[in-house]
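A.B. asks: generate a structure from the sequence data that follows.
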Amino acid sequence: MGKYEYNNLTQRLLDEGYTAENYPKDKVHIASGCYSGNGNPLDNIYGGFEYNRIYCDAFTYKTGCGMHVIGENVLSSMGYMGEEWCHENDNPVVRCPYDKPNCPMNDERLHGMFGGGTCIQCWCVCHKTEEPYDYEHSFEKAEKDRQEEMDRKYQEYSDAHKCRAIRSYTIIKSIILHGICLIKASKRRS
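C.D. replies: So this is what the prediction gives:
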């Protein structure tokens, strides 16, 4: 999205006859920040209207692999590869709980791993769905399972090595992926 281009939400609302003075205030607001100077508040760097957070937090999204995601758990805005990945464009992203860097069901522009070291992550694009939310096939369940697995591995490792480690996501991931004893700074024996 370039400077002062309207996002999909703004384009749709304008097509439906709404204006900067008359719009559904219970669902959207005019984004604040950097205006074009032409007097039109919709000409802003956020693309015009934005959803009210309380409204979009309740959306149900779906990833390409069919995983449901509650709106409050998506990354609400990420500019990447010339695209604004956000609620307003119906394409917010969520961190892939499976870390599949080249998932064929994902947008190709999001293929690959991002970050470095133990902070590597993959992003999945989501789109709004009218399907009822299904916790058993959801991001929230996958994240809960992922956290439980990290906790179990942390405890296993600590017990086996009589080792105390600082409990943080980065360190736990290092233990899980690389088997490193952080106290002794040595590779874990299998």
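
A.B. asks: shaky segments in this protein?
C.D. replies: Judged against pLDDT under 70, the low-scoring parts of the chain cover residues 1-3, 33-37, 113-120, 162-190.

A.B. asks: what about the strands in it?
C.D. replies: Defined through DSSP state E, the strands belonging to the chain, from first to last, are 28-30, 49-51, 60-63, 68-70, 77-80, 83-86, 93-95, 123-128, 180-181, 186-187.

A.B. asks: nearest to residue 148, out of the ones you listed?
C.D. replies: Distances from residue 148 to each of the strands of the chain were compared by C-beta to C-beta, and the smallest falls on strand 93-95, at 16.8 Å. C-beta here means a position set from N, CA and C on the backbone, and glycine is covered the same way.

A.B. asks: give me the helices and strands touching that closest one, please.
C.D. replies: strand 123-128 (3 or more C-beta pairs under 8 Å, 6 or more residues apart in numbering; DSSP states H and E).

A.B. asks: what lines up beside the strand it packs on in the sheet?
C.D. replies: Strands that pair with strand 123-128, judged by DSSP bridges, come out as strand 60-63 (antiparallel), strand 93-95 (antiparallel).

A.B. asks: quick one: contacts of the first one?
C.D. replies: It stands for strand 60-63. By C-beta atoms under 8 Å, 6 or more residues apart in numbering, the surrounding residues in contact with strand 60-63 are 68-71, 74, 92, 94, 105-106, 124-133, 139.

A.B. asks: for residue 62, see how far away residue 141 is.
C.D. replies: When distances are taken as C-beta to C-beta, to the nearest Å, residue 141 and residue 62 turn out to be 14 Å apart.

A.B. asks: who has more neighbours, these two?
C.D. replies: residue 62 (20 against 15; other C-beta atoms under 10 Å).

A.B. asks: is the more buried one in a bridge, and if so with what?
C.D. replies: Per DSSP bridges, the residues bridged to residue 62 are residue 68, residue 127.
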